[in-house]
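Undergrad: Could you look at this predicted model? Sequence included:
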Amino acid sequence: MKKNSYWLAALMLVLVLVMSACGNSATTTETGAEANAEQPATAEATSGTVTYESETGPIEIPANPTKIVALTNAPNVLSLGVTPVGVDEWTGANPLFTEKLKDVAVVSEEQPETVAALAPDLIIAGSQMKNLDQLSKIAPTVTYTWGKLNYLDQQVEIGKILGKEDEAKAWVEDFKKRAADVGDQIKAKYGDDVTVSVIEVDGKSVYVMGDSWARGTEIVYQAMGLKMPEKIKEAVATDGYYSLSLEVLPEYMGDFVLVSRNLDASNEIVGSEIWKQIPAVKEGHVIEFESRASSYSDPTTLENLLSIFEKGFLEPTKS
């Protein structure tokens with residue numbers, strides 16, 4: 001009886017060991033299956049692509065693009081410390097980016113083959129540009145409609161596609177505070193109702209600008225909160241800018257005039273007798289800046305103009 005008990009105990013021990021082994025095997029198999037099930041997600045994560053919600057819908061783009069052709073918004077890209085392999089001609093001629101772009105190709109959507117030759121992994125283009133279908137076959141192509149986003153949101157969107165969204169947002173918040181502070185100082189010095197006209201002169205042509213037409217307009221009217229003359233407000237209501245003749249120009253001038261022009265050349269308008277008789281001109285309330293360096297609203301351009309405006313408005317006028 002005692003002997004049979006030993007055999008029974010031994011048999012039970014064997015059964016326990018076998019069941020335990022089966023359980024471990026099942027656990028191992030299940031864990032392996034789970035690992036295999038997760039494999040596609042891991043592969044996707046390491047494949048280097050992310051889904052960007054563009055204005056035309058979701059698009060797969062590189063998580064960290066390294067060869068960007070920026071046919072638009074190149075200054076926004078450069079302002080985030082990323083140098084494209086190709087840019088548009090206007091950015092290429094911008095003196096603020098000369099050093100950064102010395103080895104960068106100037107390309108055009110008009111010639112997609114010049115873009116393809118650079119083997120980009122991402123293309124940034126304007127929604128109105130030609131040959132978008134051809135460009136999208138070369139590399140993932142993100143398009144933006146000019147003016148659809150405000151100038152600050154546009155920078156955040158560029159930050160998203162570069163994997164630098166937090167950096168872009170941090171700059172936006174900091175810039176808004178600093179620009180608002182300068183605006184408060186200007187109003188404290190000249191009064192809350194001080195008016196500012198922003199114009200661009202090119203040869204014999206002169207244009208007045210609305211509140212979102214680059215040339216520092218976003219800084220002055222939006223970030224600083226300075227006032228636009230009513231005459232300009234009415235004139236730019238339709239197109240955002242308005243072309244004037246020299247004869248009527250004085251009617252549109254505010255207490256201060258900000259002038260975007262080619263500083264390397266004399267200009268017929270700012271050299272005219274009509275110009276010299278404008279009250280703001282007589283009082284030395286004219287701030288001039290280079291047009292080639294003011295036609296965008298990216299951080300580099302905005303920082304440059306904010307510095308110019310702060311000095312022009314707040315530093316004593318030289319006699």
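TA: Cool, the structure landed. Numbers count the residues shown, from 1 in each chain.

Undergrad: Report the helix or strand with the lowest average pLDDT across this structure.
TA: helix 2-46 (a mean of 39; mean pLDDT, DSSP states H and E).

Undergrad: Is there a neighbour count for the closest residue to residue 279 other than its chain neighbours? I'd like the number.
TA: Nearest non-adjacent residue to residue 279, counting by C-beta to C-beta, 6 or more residues apart in numbering: residue 253, 7.3 Å away. Quick note: C-beta positions are derived from backbone N, CA and C, even for glycine. Applying other C-beta atoms under 10 Å, we find 23 residues neighbouring residue 253.

Undergrad: the helices in the stretch 201-319 of the chain, which residues?
TA: Under the criterion DSSP state H, counting those that start in this stretch, the stretch 201-319 of the chain contains helices at 217, 230-235, 273-276, 279-282, 299-314.

Undergrad: and those, which is most packed in?
TA: helix 217 (a mean of 25; mean count of other C-beta atoms under 10 Å).

Undergrad: Does anything pack onto it? Which helices or strands?
TA: Helices and strands touching helix 217, by 3 or more C-beta pairs under 8 Å, 6 or more residues apart in numbering; DSSP states H and E: there are none.

Undergrad: any idea how far it is from the chain center?
TA: Relative to its chain's centre, helix 217 lies at 16 Å (C-alpha atoms, centre = their mean, to the nearest Å).

Undergrad: who touches it?
TA: Outside of helix 217, the residues within contact range by C-beta atoms under 8 Å, 6 or more residues apart in numbering are 198, 209, 210, 211.

Undergrad: and stretch 194-204, which residues are buried?
TA: The neighbour-count check on stretch 194-204 (16 or more other C-beta atoms under 10 Å) flags 194, 195, 196, 197, 198, 199, 200, 201 as buried.

Undergrad: For those, please prepare a markdown table with the additional fields secondary structure.
TA: Below are the buried residues of stretch 194-204 laid out as a markdown table (DSSP: H, G, I helix; E, B strand; the rest coil):
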| residue | secondary structure |
| --- | --- |
| 194 | coil |
| 195 | strand |
| 196 | strand |
| 197 | strand |
| 198 | strand |
| 199 | strand |
| 200 | strand |
| 201 | strand |
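
Undergrad: Taking the residues you listed, tell me the two that lie furthest apart.
TA: Between any two of the buried residues of stretch 194-204, the greatest separation by C-beta to C-beta is 22.2 Å, found for 194 and 201.

Undergrad: As a markdown table, the helices of the stretch 201-319 of the chain with mean pLDDT and distance to residue 205 would be great.
TA: Formatted as a markdown table, the helices of the stretch 201-319 of the chain follow (pLDDT from 0 to 100; distance: least, C-beta to C-beta, whole Å):
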| stretch | mean pLDDT | distance to residue 205 |
| --- | --- | --- |
| helix 217 | 98 | 18 |
| helix 230-235 | 98 | 15 |
| helix 273-276 | 97 | 14 |
| helix 279-282 | 98 | 19 |
| helix 299-314 | 98 | 21 |
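
Undergrad: out of these, nearest to residue 245?
TA: helix 273-276 (10.0 Å).

Undergrad: follow-up on the earlier one: ok, and the most crowded of the contacts of helix 217?
TA: Of the contacts of helix 217, with other C-beta under 10 Å as the count, residue 198 tops at 30 neighbours.

Undergrad: ok, that one - contacts?
TA: 208, 209, 213, 215, 216, 217, 220, 258, 260.

Undergrad: Of those, just say which sits nearest to residue 129.
TA: Distances from residue 129 to those, taken by C-beta to C-beta, are shortest for residue 213, at 19.9 Å.

Undergrad: what's the pLDDT at that closest one?
TA: pLDDT recorded at residue 213 is 96.

Undergrad: Test my guess that it contacts residue 239.
TA: No: here residue 213 lies out of contact with residue 239, judged by C-beta atoms under 8 Å, at a distance of 9.2 Å.

Undergrad: on that earlier part again, quick one: closest of the helices of the stretch 201-319 of the chain to residue 157.
TA: Once the helices of the stretch 201-319 of the chain are compared by C-beta to C-beta, helix 299-314 is nearest, at 13.3 Å.
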